[in-house]
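[1] Turn this into a structure:
(2 chains)
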Amino acid sequence: MLSRGVHPLMADRHIYPDSPELRARWGNFVWTEANAAKAKEIVARYPEGRQRSASMPLLDLAQRQVGAETNTQGWLPIPVMEYVANYLDMPIIRVVEVATFYTMYNLVPVGKFHVQVCGTTPCMLRGSDDLISVCKAKKMPTGSVSEDGLWTFTEVECMGNCSSAPMVQINDDNYEDLTVERFEGILDALARGESPKTGTQEPGRHTVEPAGALSNLTAMVNENHDYRGEW
Amino acid sequence: MPKVKVDGVELEVPAGATVLQACEMAGKEIPRFCYHERLSIAGNCRMCLVEVKPGPPKPQASCALPAAEGQEIRTDSEMVKKAREGVMEFLLINHPLDCPICDQGGECDLQDQSVAYGRGSSRYHEHKRAVTEKYMGPLIKTVMTRCIQCTRCVRFSEEITGVDEIGALYRGENMQISTYLEKASTHELSANVIDLCPVGALTSRPYAFEARPWELKKTISIDVSDAVGSNIRVDARGREAMRILPRVNDDVNEEWLSDKGRYMVDGLSKRRLDRPFIRLDGKLKAVSWDEALAAVAKIAPGNSIAAVAGDLVDVETMYAAKKLLSGLGSSVLEGRQTGLAYNTANLAAVNFNSGLAGIESADAILIVGSHVRWEAAVLNARLRKAVKHGAKVFIIGPEWATTYPAEFLGSDASVLNALPAHVWSALQGAKRPALIIGGAGLAKGALEAGLAISEQLGLVRTLEDGSVWNGFNVLHMAASRMGGLVLGYAQKGGINDVAAAKPKLLLSLGADEVDYAKFADSMIVYVGHHGDKGAHAADVILPASAFTEKAGIYVNTEGRVQFAEKAVFAPGDAREDWAILRAIAQVLNVNVGFDSFDELRSALFAEYPALLVDGGLIDFGPLPTGVSGSAAGEIAYPIKDFYLTNPIARASETLARCSAELLHGSQPQAEAAE
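    Residues are numbered from 1 along each chain as shown, chains lettered A, B, ... in the order given. This next block holds a predicted model:
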């Protein structure tokens, strides 16, 4: 029997349940002074009457503020979503719809480092399964936070770094061209509080230029070439 | 007016029509789930695919495609057939095969359309998705695994009710319809999502597992829970009315029904008066009809008799009582139970003149003393439409949660005497200004003040297109009100005049809101159907029929005459009201001029020909002129609890639960394990 191909975490994605404790912790969420100015500037980007459009950047801002307060990547408790909805004077459900649609909004608490391993075909062919094994070996939980408060693991779909696959996104940074050793090195460095190099980890490679010699579209190197007749 | 060809037949369609509408005009059935005439177009179910030339060489969603000149549309081609089969197959991938235990079974769009347009068998062998239950309150039962994400309920709550509570959370395969805190839906029209839901995801909670649609006898009727006169269908099995559903009537309720009108049905079988009672030594004693009628005869009131009509009675009942009283030489009739005493000399002045549908086109509306959401929930949806079209709404009265932008001008009726300048200029500048006076406004003299304003502003005017606009409206709350006023159920001083007349016999026609302390010296004969306030005060109780148990005529707040039919028989020894009144006439030796219901109706129509046409509007003539008066006093809305405004609703367990949970914040009752 074929498997459904439904990602377990996607299916598990859920809103953190509302409770008096949650209200007590986040019920009086307000922008910090710096974020209040930023929120104002964000809302001003949109034409009069279209302020709702700011719900996405404001949710991101709110998530980051929660992250700063909890020393994690941040997440969106219900009272915070309500705050954003009130700030934009729009129905709460419409904000919740946006927050639940986009997977970059965390609906449950995450660790200081949210390790998102791409498991889509190109990364899988290039060894993402091994990277996932590394995360499992380090006991990074899915959908919750590791005991030391540092890690949350999520397998995600394509992040658009296929030419430097396999890749991992940790909070705001991408780490590409990974091997098990490189990945472990990055995780250890992060745990020590260092800031490892982001982007490709392949020595000598700067970005996603061809690794090694050019292998296709070689006729296009110096001039434009019409391949259509050769198909 | 573009010309299109549908399956080879050429026809002209109105500009702005969609391809789907064009196909319907050509008499072709287009299957659909998400498309609904009264909601915005979503185009997400893909069931309405048709082939359109010119255009891309693939099927197109006809609901979202405008009909254009020269289009060739095919609904019968192989491509369309395959497309429908494919969409149907996808929709059924995650839909459970639980039709035998699903309440939608037998009236399910998905069921019907899969029979008509599906492949016939499934090729899908993998696991189906399951969705956790969502709590949507005491009225709506959810089985969200059945949901096909048509989003009709989301669009309904956003667009029609104006209470954004339901949303589509998560995405893709995991998309779920939910309220974000899984709170109960708190709107008076919330249960209409049950009718909108094309599958069994949202069904009626109180009606769960009660009956199958093919077992039910359907009877057309009229809702009596408010004065709108919503068109309803009563579904009965045997002697019990099982459920009430709205019927489509664009002039009255479109296709919505208030939750109260829909769910007071279980009150029809509870706390019923099913045998006559007489009061002996302060206690009610069950007796036979003969004994009860003999007790009435013993009162021998002569002409010292008065009648008070309740909020739910039909015109025939009131007419029979009127005939009885006039036979005895009395004309002390009243229907305004709570003491309103507005002038009824000209009924045009107490009518909803712009019409329920007409108010949608108003562009400035002043509401005086009406909590429209509670007094006429369906009308509130119309007001929301008017506001969406650009109307400004001002309200005099205590604040309530409007579902559209509105300005509250203060809670004292005297605001009406000197309207703020900006309100005045908004009304003056409007093309179709409207005034709506509610019961709470009438109580504070807003009628005269409103008529004066109406004359100054010219609320009655001829528009540029030659049609007449009459923006002067009175919004009543009782289904019997306009019919009663037509028959003369109004004393100059209201019910106080009736009390002052000190009638020996007070005939109470299901009047449960009267302060019976005022009638301590009268013998009270209660002709009604529920053991409510009226029965508690009565000396003789004659069990009568509720609105589902008799044929009757109701006149709604806009003066529209509507006929209801008899769905079931009254329980026990209860009789139809007219027959009871005829029997009283017999024992009091009065000739009322009819021996059968048909004779009663003939006499009624002869006397009031305007009542003859089902669905017709009564013409009350022009508004009175030269009226002056001033409104004064703090406005207090008469409805304190939306769900419990009449004896049937008060007997309903469902509505009691709604009242406790939705209005008084008690915790939801745990469901018994099923």
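[2] Verify the stated contact: B:Gly335 with B:Met477.
    No - when contacts are counted by CB atoms under 8 Å, B:Gly335 is not listed as touching B:Met477 (11.7 Å). (C-beta placed from N, C-alpha, C; glycine too.)
[3] tell me which strands and helices the helix or strand containing B:Leu366 is in contact with?
    Assigned by DSSP states H and E, B:Leu366 belongs to strand B:364-368. On a contact count with 3 or more CB pairs under 8 Å, 6 or more residues apart in numbering or on different chains; DSSP states H and E, strand B:364-368 meets strand B:392-396, helix B:421-429, strand B:433-438.
[4] name the helices or strands packed onto the next helix or strand after it?
    Beyond strand B:364-368 on the C-terminal side, the first helix or strand identified by DSSP H and E is helix B:372-375. Using 3+ CB pairs under 8 Å, 6+ apart, the elements in contact with helix B:372-375 are helix B:377-388, strand B:433-438.
[5] number of nearby residues for A:Met220?
    Here the number of neighbours of A:Met220 (other CB atoms under 10 Å in any protein chain shown) works out to 12.
[6] sorry, that was for B:Ser330
    Look at B:Ser330: counted by other CB under 10 Å, it has 21 neighbours.
[7] now it, what's its secondary structure?
    Under the three-state scheme (DSSP: H, G, I helix; E, B strand; the rest coil), B:Ser330 adopts coil.
[8] if I pick it, what's in contact with it?
    Going by CB atoms under 8 Å, 6 or more residues apart in numbering or on different chains, B:Ser330 touches B:303-306, B:503.
[9] redo that, cut-off 7 Å
    Applying CB atoms under 7 Å, 6 or more residues apart in numbering or on different chains, we find B:Ser330 in contact with B:303, B:305-306.
[10] Tabulate the residues you listed in CSV, adding columns for distance to chain A and secondary structure.
    Formatted as CSV, those follow (distance: CB to the nearest CB, whole Å; DSSP: H, G, I helix; E, B strand; the rest coil):
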residue, distance to chain A, secondary structure
B:Asn303, 61, coil
B:Ile305, 56, strand
B:Ala306, 52, strand
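[11] okay, B:Gly335 and B:Met477: which has more neighbours?
    When neighbours are counted by other CB under 10 Å, B:Gly335 comes out ahead of the other of B:Gly335 and B:Met477, with 28 against 25.
[12] just to revisit the earlier point, which stretch among the helices and strands packed on helix B:372-375 is buried most, on average?
    Of all the helices and strands packed on helix B:372-375, strand B:433-438 has the most neighbours on average by mean count of other CB atoms under 10 Å in any protein chain shown, namely a mean of 28.
[13] Could you dump the helices and strands packed on helix B:372-375 into JSON lines and include mean pLDDT?
    JSON lines is the format used below for these (pLDDT from 0 to 100):
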{"stretch": "helix B:377-388", "mean pLDDT": "96"}
{"stretch": "strand B:433-438", "mean pLDDT": "97"}
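[14] longest helix anywhere in the chain?
    Chain wasn't specified; assuming chain A. When chain A is parsed with DSSP state H, its longest helix is helix A:55-70.
[15] The chain in question should be chain B.
    Per DSSP H, chain B has its longest helix at helix B:78-93.
[16] Other residues contacting that one?
    B:31, B:46-47, B:49-51, B:59, B:74, B:110, B:113-114, B:117-119, B:122, B:124, B:148.
[17] Out of the residues you listed, which sit inside strands?
    Per DSSP state E, strands hold the following members of the contacts of helix B:78-93: B:49-51, B:74.
[18] Kindly indicate which of the residues you listed lies nearest chain A.
    B:Leu49 (25.6 Å; CB to the nearest CB).
[19] By mean pLDDT, which helix or strand of chain A comes out lowest?
    Lowest by mean pLDDT, DSSP states H and E among the helices and strands of chain A is helix A:8-12, with a mean of 51.
[20] can you pull the buried residues of the next helix or strand after that helix?
    Next helix or strand after helix A:8-12 toward the C-terminus (DSSP H and E): helix A:20-26. Buried residues in helix A:20-26, counted by 16 or more other CB atoms under 10 Å in any protein chain shown: A:Trp26.
[21] that older thread, check the contacts of B:Ser330 for burial and list the buried ones.
    Those of the contacts of B:Ser330 that meet the buried threshold are B:305-306, by 16+ other CB under 10 Å.
[22] Let's have the contacts of B:Ser330 in JSON lines, adding pLDDT and distance to A:Ser133.
    Formatted as JSON lines, the contacts of B:Ser330 follow (pLDDT from 0 to 100; distance: CB to CB, whole Å):
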{"residue": "B:Asn303", "pLDDT": "94", "distance to A:Ser133": "100"}
{"residue": "B:Ile305", "pLDDT": "96", "distance to A:Ser133": "94"}
{"residue": "B:Ala306", "pLDDT": "97", "distance to A:Ser133": "90"}
